[in-house]
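**Q** Coordinates for the following, if possible.
(chains A and B)
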Amino acid sequence: MATTAVQQGGGGGVQRSGGSGELYAILDLILDKGLVIDVFVRVSLVGIELLTIDVRVVIASVDTYLRFAEAANRLDLQASRGKGLSDLTGDLTGGLNATDALGDAQGALAGATQAGSGLAGGATQLAPSGAGLG
Amino acid sequence: MSVDVYKYVYGVVCASAVAPARAGLGGAPVELIACGATAAVVSDVRERELDAGRQELMTHAEVLEDALRDGVVLPMRFGVVMADGEAVRRELLQRHHDVLLSQLSELAGKVELRLRAVFEETAVVGEVLREHAEIAALRDALRGCDEDAAYYERIRLGEMVADAVARKCEAEGEEILRALAPLALAVDRGGGAHERMALHASFLVERDRVVEFDEAVDELGRAQDGRLRLKYTGPLPPYSFVELPTEG
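**A** Next up, the predicted model:
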């Protein structure tokens, strides 16, 4: 049936589904909205808990915080991928003796391998020996 | 002793409507029970213990969608079972006749459209770091620290990011509503069930304006591609816009 087919909409990030095409998108409607009357036999619904995962309220938790911290950290590494050679040497000379700055150097070196060019091979070899210095 | 039979109720339509030509729960035929100008869409169920499995929930939704295609329908919540046809006629249709009739007339030619907007994690965390120097500074300070040693600091960082993301969700949700609400007759905004959810809302839209609404959502999707993930569902029966007064 045409209206229940899941289709990619014309918009870049729009996922479009007609009606019950994707059950979980309307699960909370079917279970929480709609008419109820005061006089009816409310049957016991068996197996409903398996389907209500997406309806649950997510409570901010330590796990959530750690995940966001991890996401912030990942972005940091992605940003350092763009570092040029001068930044790289700066990080190396400034940071060889301090443990926390060593992280910077390693990050930058890892970035250099991603950046390609002739430097990449040497940089990968430098990383383990740099770690040994700390 | 005969087996008990109950009536499962999908929704309420105009008495002039035809029953959806699709099998109901358990394969039973869907039929109409009329009373005055209204009719209930029902099918027989044999047990009081109803499996609320994927199949049953889908059937409920699909019967209502069929009814919507033919006209106006007031959807019931999943799981409403009445003793028999007489109970449906008396307790539902007769007792609430005027309210049901006025809602049928109010909702004629209108459908529910549902939109969910969730931030992409990389995009929103990146924005937070750019917009909040103190969060970026804490992130930098924790860089390269031993993970276990900095455990509580990392939680603090995550909490700051989470708070900032929540504020962005609120603001972004308002922004989207401002753009789409003028195309709708009513909006029902649900709570965020996800820490990166900017909006989860149902819009009551005239059928004639659904295409216009579609285009507005598509435009939003194009403008926010890579930043917001949109999930757009409908047209649906107006689940979020029906109500019966409860009696004490």
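**Q** ok, which stretches of chain B are helices?
**A** Counting by DSSP state H, the segments of chain B that form helices are B:54-70, B:85-87, B:97-107, B:121-131, B:133-142, B:151-180, B:210-223.
**Q** Mean neighbour count added to those, as CSV?
**A** (Glycine included, C-beta is placed from N, CA and C.) Below are the helices of chain B laid out as CSV (neighbours: other Cβ atoms under 10 Å in any protein chain shown):
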stretch, mean neighbour count
helix B:54-70, 21
helix B:85-87, 15
helix B:97-107, 17
helix B:121-131, 18
helix B:133-142, 15
helix B:151-180, 17
helix B:210-223, 17
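**Q** Report the mean confidence score over stretch A:22-35.
**A** Averaging pLDDT along stretch A:22-35 gives 83.
**Q** and if you look at stretch B:96-116?
**A** Averaging pLDDT along stretch B:96-116 yields 96.
**Q** Between the two ends of that stretch, what distance do you get?
**A** End-to-end span of stretch B:96-116 (Cα to Cα, to the nearest Å): 33 Å.
**Q** shaky segments in chain A?
**A** Applying pLDDT under 70 to chain A flags the ranges A:1-13, A:18-21, A:38-60, A:76-134.
**Q** Any part of the top helix by length along it near chain B?
**A** If you go by DSSP H, chain A has its longest helix at helix A:62-80. Yes - residues of helix A:62-80 contacting chain B under Cβ under 8 Å from any Cβ of the partner chain: A:62, A:64-76.
**Q** which residues sit against that helix?
**A** Contacts to helix A:62-80, defined as Cβ atoms under 8 Å, 6 or more residues apart in numbering or on different chains, come from residues A:58, A:107-108, A:110-111, B:121-122, B:125-126, B:128-129, B:135, B:139-140, B:142-143, B:154-159, B:161-162, B:165, B:195.
**Q** List the buried residues in that helix.
**A** Neighbour-count burial for helix A:62-80, counted by 16 or more other Cβ atoms under 10 Å in any protein chain shown, picks out A:64-73, A:75-76, A:80.
**Q** Kindly export it (C-alpha atoms) in CSV.
**A** Below are the C-alpha coordinates for helix A:62-80, written out as CSV (Å, rounded to 0.1, in the frame of the first residue of the first chain):
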residue,chain,number,x,y,z
VAL,A,62,26.2,9.4,34.7
ASP,A,63,26.3,7.3,31.5
THR,A,64,24.8,10.1,29.5
TYR,A,65,27.4,12.5,30.9
LEU,A,66,30.3,10.2,30.2
ARG,A,67,29.0,9.7,26.7
PHE,A,68,28.9,13.5,26.1
ALA,A,69,32.3,13.9,27.6
GLU,A,70,33.6,11.2,25.2
ALA,A,71,31.9,13.0,22.3
ALA,A,72,33.6,16.2,23.2
ASN,A,73,36.9,14.4,23.4
ARG,A,74,36.4,12.8,20.1
LEU,A,75,35.8,16.1,18.5
ASP,A,76,39.1,17.3,19.9
LEU,A,77,41.0,14.5,18.1
GLN,A,78,39.2,15.3,14.9
ALA,A,79,40.1,18.9,15.2
SER,A,80,43.8,18.2,15.7
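**Q** relative to helix B:151-180, how tilted is that helix?
**A** Here helix A:62-80 runs at an angle of 80 degrees relative to helix B:151-180 (axes from the mean of the first three to the mean of the last three Cα atoms, to 10 degrees).
**Q** now helix A:62-80 against helix B:133-142, angle please.
**A** 80 degrees.
**Q** between helix A:62-80 and helix B:121-131, how many degrees?
**A** For helix A:62-80 against helix B:121-131, the angle by the same axes, to 10 degrees is 80 degrees.
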